[in-house]
Structure formats: C-alpha cells, structure tokens
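Peer 1: dropping the sequence and predicted coords here.
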Amino acid sequence: MAGTKVLVVDDSLTMRALISGALERIPGVEVVGMADGAAEARGLVESARPDVMTLDVEMPGMSGLEYLAEIMDTKPMPVIMFSTRTQDGAAESIEALRLGAIDCFPKPRVAAPAELDAIIAKLAKRLKAAKKAELKPKSAPKAAKAPPIDWNGRVLLVGGDASNTKAIFDLFAAFPANCPPTVVVQHLGPGMVESMVEKLAEQCAPKVVVAADGMKPEQGTIYLAPHGDAHLVIDSWPNGTLRLLPKDPVAGERPSISLLFASAAKAAAANAVGVLLLDANEDGAGGLRALNAAGGYAFAPAESGGGFTLTRGMVSQPVATDALVAGVMKMCSK
C-alpha cells in the first residue's frame, strides 16, 4: 500500500478528524486532503490527485450517493463510503455498492481505541484491494442479456465480497429467467444481505432469495447466503439440498466461499461451475482448486488484471469481462 493517497469527504469536522486519524495510522497511507462536501472535493480531486476517496453517505446539498454516481459516471476512482446507517444494512449502503463503491463502513461513534483499531484493520485490507480495483465509466460495454438456456444439470457457485457488488449486479442482470440454480456467498455486513436480495430482485429476471437450511436449489433461482454464524454448503447433487453449518470461520470468513465451492466439488464434481470475483483472495482460491481437482469448471480473475480465466484440470482459456455471462451459460447449457 505504499504511497496510497486518500481524500476524506465528510460534512462533520469531528468525523473528518476521526477518519483521517484512523487512516494515518495505516502504514503507507497519506491523507492528502479533507473536504466538507462535493464542491470542495471536486477541486481537491484535481489538485491532490488521491488514489482513494472516503465519502459520507449523508451530506447536505449533494448527497454522498449523488456525488458517488457523478464520480463513477465521469472519472471513476475507488471510493469507500462511511455511514451512520451502514451497520443496519440500510438500502443506501447497497445502492452505494451497486454504484461502484469499494465498501461501506459504519462511522466510528467515539474515538475509543478498540473501535478505531477494528476500523483500521478493515480499512487496511480494503485499501489494498482498492488500489487494484478495475473501474470503468458507465459507458463501458456490459454483458448482453443471455438467451434462455437448455440446462444441462450443472449447479453454479458465485463468490465475492462487498467490493464485487456492482459486478454481481451486472452479472445477474444479464442472466436469463431460467438460469442454472445459482448459489452465492458474498461477504457483506450485518443486515445487508436482505437489502442486496431486495435490490437484485428488482433488476434481475431470475428469482432471488436468501438461502435457508433445507432449500432445494432450483433452476431460475439465485440463492444468497445469509450473514451470520453458519456456512452455506450443498450436501449432494443432483437433487441436492442447501445446508447451513454453524462451524468456525474458514480463512477468517463465515460464510466461506471456499467451503461452498469445496462442498460442490465433492457433491457435484464435473457438474459444478464456480465463479470467483475476488482477486487472489484467501477465501475462494482454495475452493476453486478443489473444484478443478474434481473436474469442475472454474472462472477466476486473470492474473494480468483484466478479464477472467476459465480453467478445468490442466486446461485454461481467457474470458473477457463482458463475455463472462455467455461463458458461464455455455458451461451450464446442453
């Protein structure tokens, strides 16, 4: 993270000081400016040239969401949102992520060391991912809507985190209504999965639900793992059942992408297709290896930083980002 320059935007002087202080405790991070709103921030973006911006969701005048939309539409850059409502999974947080924010954090309520330390640890991880983020203006081509498929019986697994929210919306918005049964683990904060499902359901042709223990994955439905104390796995395939397992975190995560992928590798083997949206993340990479070893298909971000790589066994081929949907549907069609 050496040389990561951050611009802090918040209408509260106290909050600007708290967030700036937390950021400056992260090695290699430099706060290059503070702004009280969008107007001041625009000038600092040009003069200070930050690598990353932190932005308040609730601001007088132009709101943080409105300014975020402007940024992503004109000159995209990694943005981390702060909100007093983030911890409650407010719809504003999901909307910010859908617009292209890297993550949403709750504002620190007090300058207590324990609270700031927790925020610093998460910020450091997110800033590292933010510098690698591949951001494109809205004018960039999106995947074309896939036609209905003649399903071949394969189950689809998708793994990502908050920074992949826009990618997940773009992916599922292009799915046909009769998509393969799709099971998703996305690392989101408490209460945010329900908001994610509600927003996805408004924009996607397939049915979108929160997964529950005992559900039978069906064609035309997307299942999102609930946030909480359990992992989401598939116990068998075909005619499998989704199970919630209250076990310890895997690679620091619960629910775990790797555990979902590994369960599908064991249950479905060659009848499983995995899509990992995270780049070189500890949670997910191990599951994709298990899927590959079992003869399944695995899509993961290309090491070159552009597009994806489809692998099966010892064979791999590049897949452009806007061809991901078509590639996935081909693997799930007769």
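Peer 2: The structure has been received and is ready for your questions.

Peer 1: where does pLDDT dip in the stretch 1-150 of the chain?
Peer 2: Low-confidence segments of the stretch 1-150 of the chain (pLDDT under 70): 1-2, 85-90, 110-115, 129-142.

Peer 1: can you pull out the strands in it?
Peer 2: 4-9, 29-35, 52-56, 79-83, 103-106 (DSSP state E, counting those that start in this stretch).

Peer 1: which one, of those strands, ends up nearest to Leu224?
Peer 2: When those are compared by Cβ to Cβ, strand 103-106 sits nearest Leu224, at 17.0 Å. For glycine as for every other residue, the C-beta is placed from the backbone atoms N, C-alpha and C.

Peer 1: what separates that closest one from the chain centre, distance-wise?
Peer 2: Centroid displacement of strand 103-106 relative to its chain, using Cα atoms, centre = their mean, to the nearest Å, is 12 Å.

Peer 1: over to stretch 116-129?
Peer 2: On the basis of Cα atoms, centre = their mean, stretch 116-129 sits 16 Å off its chain's mean C-alpha point.

Peer 1: buried ones in it?
Peer 2: Leu116, Ile119, Ile120, Leu123, Ala124, Arg126, Leu127, Ala129 (16 or more other Cβ atoms under 10 Å).

Peer 1: which element, helix or strand, includes Ala268?
Peer 2: helix 257-268 (DSSP states H and E).

Peer 1: show me what secondary structure element comes after that helix.
Peer 2: Later in the chain than helix 257-268, the nearest helix or strand by DSSP H and E is strand 272-276.

Peer 1: same for that next one, what does it pack against?
Peer 2: strand 155-161, helix 257-268, helix 282-293, strand 297-301, helix 324-331 (3 or more Cβ pairs under 8 Å, 6 or more residues apart in numbering; DSSP states H and E).

Peer 1: report the angle between that strand and helix 257-268.
Peer 2: 170 degrees (axes from the mean of the first three to the mean of the last three Cα atoms, to 10 degrees).

Peer 1: distance to Phe308 and mean pLDDT added to the helices and strands packed on strand 272-276, as a markdown table?
Peer 2: Putting the helices and strands packed on strand 272-276 into a markdown table (distance: least, Cβ to Cβ, whole Å; pLDDT from 0 to 100) gives the following:
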| stretch | distance to Phe308 | mean pLDDT |
| --- | --- | --- |
| strand 155-161 | 12 | 96 |
| helix 257-268 | 15 | 96 |
| helix 282-293 | 12 | 90 |
| strand 297-301 | 5 | 95 |
| helix 324-331 | 6 | 96 |
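
Peer 1: nearest to Gly43, of these?
Peer 2: Nearest of the helices and strands packed on strand 272-276 (Cβ to Cβ): strand 155-161, 32.1 Å.
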